[in-house]
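> Okay, predicted coordinates and the sequence, questions at the end:
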Amino acid sequence: MFESLSEKLQAVFQKLAGKGKLSEKDVDAAMREVRLALLEADVNYKVVKDFVGRVRERAVGAEVMESLTPAQMVVKIVHEELVHTLGGDVKPAERRIAIAPKPPTVVMLVGLQGSGKTTTAAKLAARLRKAGQRPLMVAADTRRPAAIQQLVTLGEQIDVPVHVEDPKMPPPDICAHAVRRAREQAYNIVLLDTAGRLHIDDQLMRELEQVKRKAPPTEVLLVADAMTGQDAVRAADEFHRRVGLTGLVLTKVDGDARGGAALSIISVTGVPIKYLGVSEKLDGLEEYHPDRLASRILGMGDVLSLIERAETTLDQKKQEEMAQKMLSATFTFEDFLDQLQEVRKMGPLGQLLEMIPGLGGQKLPVDVSDKDLGRIEAIIRSMTPAERRNPRIIKGSRKRRIARGSGTTVQEVNQLLSQFRQVQKMMKQMGKMGMGKGGRGMMPFLG
């Protein structure tokens, strides 16, 4: 999401790094470029002004001017102020769902139409169920056609019950009945999936206020689409005024949004972001960490989030077996196909690369976009089992058949075979050097 902003900020820092000492003029020039980059990323003007002012005040002080590495000190200051802007002052406990002293905990999801509330309700329910909770989802969106059926279908996929009533029933009553059912049947968390509404629609906003009175929520979470930019900020401000938000869930952060909403929404509302929707899959909801997001924006990576995602997504036993095969150079294209599918479970490849320090926004020696992963998979699937196990037998006529079967060219097949041989050789050398943990996963093949 922050690719364009990251590139521009890194360009600013590279210019500073080329200077031995920094003058106030150098800092002012850098701050102008930072200000422009943030405004182009659709960050709220007041937020930009406040952020740049804080950074400049610290950057022209003795802390930087007398430093042996002034450019690095500026980057450090920008990172710290970015964390502050992203909500770094909020305690980690306040970024999690608050549990009511007496069950059930009621979580009301609100937001504009199309922001992803129904899918977010299911993602949150799946996450809570995995943590040992007993959630109940409530189909309180009686306005959108098929909204109720969508939630029921999602509930079946994650094995979480859904409270459904006649669509003619007023949503505040549906929510009140659901809370009563939760008490009777020992569900400890109730997720209210309310209808999407414009924040300027007074009648619909009054309906939310009625829901809040009849089914008092512990949490009121605004589900905001990161693609809407400043509109998300204005909507958040009005929802907060009318129903008192306790947290935000930013969805579609895996898209090509400019990222301004995430940088603005906390400063404008004073409400913390609690979760990020990082993919369309039902496990694509991550806890929000402002320090990690700041590091990703500045191209410093986010190794902790990458490790957490790998631990929850990948088969650890399979990864250990693969490490041994790679280090002994006995892994085959069949093994690689398994690894390809494992890594794709973790989300878009570009998103994963952003988490690796130094790779965010960088060109890798091997082209590894999601489109290219699909092409690689097509080539491998066009091979016979014997060819996958022993690529050395793939000669001219076999290459032409594989290219036809995968919709690629012989040159692309040759490139894949060449890269595969190079990695086998590299892994064998690492094995001889005793680098026992260096071969985990498929990342060496990708870059």
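Right, received. Where do you want to start?

> ranges for the strands of the stretch 51-200 of the chain?
105-110, 135-140, 162-163, 189-194 (DSSP state E, counting those that start in this stretch).

> which of the ones you listed is buried the deepest?
Mean neighbour count (mean count of other Cβ atoms under 10 Å) peaks for strand 189-194 among these, with a mean of 29. (Glycine included, C-beta is placed from N, CA and C.)

> Now do that strand: which elements does it pack against?
strand 105-110, helix 117-130, strand 135-140, helix 171-185, helix 202-214 (3 or more Cβ pairs under 8 Å, 6 or more residues apart in numbering; DSSP states H and E).

> got a markdown table for these, with distance to P92 and mean pLDDT too?
Listed next are those as a markdown table, based on distance: least, Cβ to Cβ, whole Å; pLDDT from 0 to 100:
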| stretch | distance to P92 | mean pLDDT |
| --- | --- | --- |
| strand 105-110 | 18 | 95 |
| helix 117-130 | 16 | 94 |
| strand 135-140 | 22 | 96 |
| helix 171-185 | 27 | 96 |
| helix 202-214 | 27 | 91 |
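
> any idea which of those is most buried?
Taking mean count of other Cβ under 10 Å, strand 135-140 is the most buried of the helices and strands packed on strand 189-194, at a mean of 27.

> Neighbouring strands - and their directions - for that strand?
strand 162-163 (parallel), strand 189-194 (parallel) (DSSP bridges).

> List of residues touching the first one?
The set of residues external to strand 162-163 that reach it, using Cβ atoms under 8 Å, 6 or more residues apart in numbering, is L136, M137, V138, A139, L151, V152, G155, I174, H177, A178, R181.

> and the gap between the residue nearest to the fifth one when sequence neighbours are not counted and D166?
Nearest-residue entry for L151: A139, 4.8 Å, with adjacent residues in sequence omitted and distances by Cβ to Cβ, 6 or more residues apart in numbering. Distance of A139 to D166, given as Cβ to Cβ, to the nearest Å: 11 Å.

> Same question for A125.
23 Å.

> ranges for the strands of the stretch 201-350 of the chain?
Counting by DSSP E, counting those that start in this stretch, the strands of the stretch 201-350 of the chain are 219-225, 247-251, 273-277, 285-287.

> one step back: okay, the contacts of strand 162-163 in TSV with distance to S279 next?
Below are those laid out as TSV (distance: Cβ to Cβ, whole Å):
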residue	distance to S279
L136	25
M137	20
V138	24
A139	23
L151	19
V152	22
G155	19
I174	30
H177	33
A178	28
R181	31
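
> ok, so of these, who is nearest A294?
M137 (33.1 Å; Cβ to Cβ).

> got JSON lines for the strands paired with strand 135-140, with distance to A378 and mean pLDDT too?
Formatted as JSON lines, these follow (distance: least, Cβ to Cβ, whole Å; pLDDT from 0 to 100):
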{"stretch": "strand 162-163", "distance to A378": "38", "mean pLDDT": "96"}
{"stretch": "strand 189-194", "distance to A378": "38", "mean pLDDT": "96"}
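
> Need the ones you listed in TSV (columns: distance to P145).
Below are the strands paired with strand 135-140 laid out as TSV (distance: least, Cβ to Cβ, whole Å):
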stretch	distance to P145
strand 162-163	17
strand 189-194	15
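
> got any ranges where the stretch 151-300 of the chain has weak pLDDT?
199, 229, 255-259, 261-262, 299-300 (pLDDT under 70).

> quick one: which of the strands paired with strand 135-140 is nearest G61?
It's strand 189-194; of these, that one is closest to G61 (Cβ to Cβ) at 47.8 Å.

> which other residues reach that closest one?
With Cβ under 8 Å, 6+ apart as the criterion, strand 189-194 contacts 97, 103-110, 117-118, 121, 124-125, 128, 133-141, 147, 151, 171, 175, 178-179, 182, 208, 211, 215, 217.

> quick one, phi/psi of the residue nearest the centre of the chain?
In the chain, the centroid-proximal residue (Cα atoms, centre = their mean) is V278; its distance is 3.1 Å. With angles defined as degrees, to the nearest 10, V278 sits at phi -100, psi -10.

> if I look at the residue of the chain positioned farthest from its centre, how far off is A403?
No residue in the chain sits farther from the centre than S397, which is 43.8 Å out by Cα atoms, centre = their mean. Remark: distance between S397 and A403 (Cβ to Cβ) = 11 Å.

> cool, and Q230?
Taking Cβ to Cβ, one finds Q230 at 48 Å from A403.

> re the thing from before, and the residue nearest to the centre of the chain, how far from L124?
V278 is 13 Å from L124, by Cβ to Cβ.

> Could you tell me which residues touch both of those two?
With Cβ under 8 Å, 6+ apart as the test, V278 and L124 both reach L285.

> Outline the domain layout of the chain.
As given by automatic domain parsing, the domain ranges for the chain are 3-85, 92-298, 307-446.

> Distance from the chain centre to the longest one, please.
On the basis of Cα atoms, centre = their mean, to the nearest Å, the separation between the geometric centre of domain 92-298 and that of its chain is 17 Å.

> got it, and stretch 38-56?
On the basis of Cα atoms, centre = their mean, stretch 38-56 sits 23 Å off its chain's mean C-alpha point.

> neighbouring contacts of it?
With Cβ under 8 Å, 6+ apart, stretch 38-56 has contacts from 2, 4-5, 8, 27-28, 31, 34-35, 74, 77-78, 81-82, 84-85, 229-230, 233, 258-261, 263-264, 267-268.

> Using neighbour counts, trim these to the buried set.
Among those, those buried by neighbour count (16 or more other Cβ atoms under 10 Å) are 2, 5, 8, 27, 31, 34-35, 74, 77-78, 81-82, 84-85, 229-230, 233, 258-261, 263-264, 267-268.

> Keep only those of the residues you listed that are in helices.
Residues of the buried ones among the contacts of stretch 38-56 located in helices (DSSP state H): 5, 8, 27, 31, 34-35, 74, 77-78, 81-82, 84-85, 230, 233, 260-261, 263-264, 267-268.

> Please report the distance of the residue nearest to the centre of the chain from R127.
Distance from V278 to R127, by Cβ to Cβ: 12 Å.

> do V27 as well
Distance from V27 to R127, by Cβ to Cβ: 43 Å.

> Pull the number of nearby residues for the residue lying closest to G247 once chain neighbours are set aside.
Among residues not flanking G247 along the chain, K274 sits closest, at 4.0 Å (Cβ to Cβ, 6+ apart). Neighbours of K274 under the rule other Cβ atoms under 10 Å: 24.

> wait, doesn't K274 sit right on L222?
No: K274 is beyond contact range of L222, at 10.0 Å (criterion: Cβ atoms under 8 Å).
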